[in-house]
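Return atomic coordinates for the entry below.
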Amino acid sequence: EDMEPTTVLDSCSDDTERVTMVTMIPAIPQVVLCVRRNGQMLMYDVLKNHVLCEVGLPSTHYLSAPWEPCCAFGADGQMFYVKGSLLDPSEEFVPGSGSSSMFVYQLRSFPTLDSYWRRQLEPRPLITHVTVNKRCDALLRERLSRQKDRIARMQERWNDLRTEIHVVQRFRDAGQTRHRVKVAFASRS
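Next up, the predicted model:
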């Protein structure tokens, strides 16, 4: 496995395209929501490193405070809530709603996320062992099953150490020989 970090978004020279928030969708850990300062809300697949879709507000609204957006996931990541403000405060989007509104998106209705919902991970229980004795037994079984690997690694490390000691001894011996040559040469002059 490659443990190097992956660049999902390249750095932008335009300040309005800088990312202000990154959050994971709870039910789909490989998909994240990135919010840019210009109000763009993009969903990325971090394993494949590409944009899946852009979540947009109605044309009458903009993302409230995109540098610190007010948004959240609900229903285990199936719902996405985001606060939007009116572009023109003199026109109300919904009578009596004021200048801002909360928008709700059903993420299951996004076609680009269909394949991710199908391969949804099964929830794992947080507690797998009922008693301390069962937990200890499981840990000991795991340790014993890995014993052969540990023995092989230990032998490899001892061989590496032995090789390094021989190299150090050769350098030391070469240094002593050089010192004897210098002393013998100095005594002749």
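
Next, the buried residues of stretch 70-79.
Across stretch 70-79, burial judged by 16 or more other Cβ atoms under 10 Å covers Cys71, Phe73, Gly77, Gln78. For every residue, glycine as well, the C-beta is placed using N, CA and C.

host element of the closest residue to Leu57 other than its chain neighbours?
Excluding its sequence neighbours, the residue lying closest to Leu57 (Cβ to Cβ, 6 or more residues apart in numbering) is Gly84, at 4.4 Å. Under the criterion of DSSP states H and E, Gly84 resides in strand 79-86.

So what touches the following helix or strand past that strand?
Where DSSP H and E defines the elements, the next helix or strand beyond strand 79-86 is strand 100-106. By Cβ atoms under 8 Å, 6 or more residues apart in numbering, the residues outside strand 100-106 that reach it are 55, 57-58, 61, 64, 78-86, 93-94.

6 Å instead, please
Ser64, Met79, Phe80, Tyr81, Val82, Lys83, Gly84, Ser85, Phe93 (Cβ atoms under 6 Å, 6 or more residues apart in numbering).

and which of the residues you listed is nearest Thr177?
Nearest to Thr177 among the contacts of strand 100-106 is Phe80, at 74.4 Å by Cβ to Cβ.

Let me see the contact set for that closest one.
By Cβ under 6 Å, 6+ apart, Phe80 lies in contact with Phe73, Tyr105, Leu107.

can you redo the buried residues of stretch 70-79 as JSON lines with distance to Lys148?
Formatted as JSON lines, those follow (distance: Cβ to Cβ, whole Å):
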{"residue": "Cys71", "distance to Lys148": "50"}
{"residue": "Phe73", "distance to Lys148": "44"}
{"residue": "Gly77", "distance to Lys148": "41"}
{"residue": "Gln78", "distance to Lys148": "45"}
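
Do a quick rundown of the strands in this structure.
Under the criterion DSSP state E, the chain carries strands at the ranges 19-25, 28-36, 41-45, 50-55, 61-63, 71-74, 79-86, 100-106.

can you pull the buried residues of the shortest one?
Okay, so that is strand 61-63. Neighbour-count burial for strand 61-63 flags His61, Leu63 (criterion: 16+ other Cβ under 10 Å).

circling back to that earlier point, the strand holding Gly84 relative to strand 28-36, how many degrees between them?
10 degrees (axes from the mean of the first three to the mean of the last three Cα atoms, to 10 degrees).

Parallel or antiparallel, which strands does strand 79-86 pair with?
strand 61-63 (antiparallel), strand 71-74 (antiparallel), strand 100-106 (antiparallel) (DSSP bridges).
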